[in-house]
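Peer 1: Got a predicted model here, sequence first, then my questions.
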Amino acid sequence: MEITAAYYIGFILIVVIVIYVVVVYSKHNNAPTKSSFTIPNGTLEEKKIVLDSNLVRNILLGSADSTILVYVFLQPSDKTLRVDQMPNTLLQIPGVLQFNYGGTTSELVVSTFNTANRETIEERIEIPAIPTQKWIQLGILREGRRFDILYNNKIIGSKRLAHMPIYATASLEMGGPQVRGTFREGRVFNYRLSLKDIEKELRDTSDTRHKPPTDIDFNIVNPFTMFTCPGGFFCGADGRKPKNALQEWQTPYA
């Protein structure tokens, strides 16, 4: 009798362990794969689509968490806004999300869906004005209904919205006719980066003044084309370009 009881107890333990392993394995396999996409560099004088609607839906709107990181250098606009004019829009997903800026304040406008009355409303997060005449890494971090806005690696605005952002088909756009400046080194993620991740991104992609690398092309014949990049000349001793250089060397030996 004791042997039979021990047998059944052992059998039950084995079944429980198998079920646990299957559940854990299933959750691991069904977890969304982390992915990111690079935004092409450009100027802000006219509106540009930098991420098509399919990628926006899959990366930025397809899960509860997402991140937008992009370096911007804003110049004062040569046009004066009237009261009846639209604000300067730096970045937007039309109908979903819009980052506006002015002389004294900026704001993130998010379209959300109120399930109680089945209406779409605009919720606003007011933040300090984005600095001009200097490079700033703008970060928009989403975790469900909570949005954090960062200038470089500092949170300057945070709010948990009343409702979830709408799930729409739209592209990610940068710039517009009222905007002057440049954007570089943009990336989007289908998950929310931690503050440590943001600090690492900032450290790895900019210099001590938070300026991203700018391309320099040479039209001269390079005498070192047939050799490995000489250490201490334009790159490191291991033959690679400097990680945090002010200028990203685009040469045959880089």
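Peer 2: Structure received.
Peer 1: Residue 144 and residue 161, how far apart?
Peer 2: Using CB to CB, to the nearest Å, we find residue 144 at a distance of 9 Å from residue 161. Bear in mind the C-beta positions are built from the backbone N, C-alpha and C, glycine included.
Peer 1: who's more crowded, the two?
Peer 2: residue 161 (17 against 13; other CB atoms under 10 Å).
Peer 1: So the more buried one is in contact with residue 143, correct?
Peer 2: No. With contact defined as CB atoms under 8 Å, residue 161 does not count as touching residue 143 (11.1 Å).
Peer 1: Show me the helices in the stretch 101-250 of the chain, by range?
Peer 2: 195-205 (DSSP state H, counting those that start in this stretch).
Peer 1: show me where pLDDT drops low in it?
Peer 2: For the stretch 101-250 of the chain, the stretches with pLDDT under 70 are 215-250.
Peer 1: going on from the helix or strand that contains residue 71, what's the next piece of helix or strand?
Peer 2: Counting by DSSP states H and E, the element that carries residue 71 is strand 65-74. Sequence-wise, the next helix or strand downstream of strand 65-74 (DSSP H and E) is strand 88-93.
Peer 1: Let's see that following strand as CSV, backbone CA atoms only.
Peer 2: What follows is strand 88-93 as a C-alpha-only set of coordinates in CSV (Å, rounded to 0.1, in the frame of the first residue of the first chain):
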residue,chain,number,x,y,z
ASN,A,88,4.8,73.9,-35.3
THR,A,89,4.6,70.1,-35.6
LEU,A,90,8.0,68.4,-35.3
LEU,A,91,6.9,64.8,-35.3
GLN,A,92,3.5,63.1,-35.8
ILE,A,93,1.5,60.0,-36.6
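Peer 1: Could you measure from residue 39 over to residue 127?
Peer 2: 21 Å.
Peer 1: and if you look at residue 195?
Peer 2: 17 Å.
Peer 1: Quick check: closest non-adjacent residue to residue 163.
Peer 2: residue 112 (3.8 Å; CB to CB, 6 or more residues apart in numbering).
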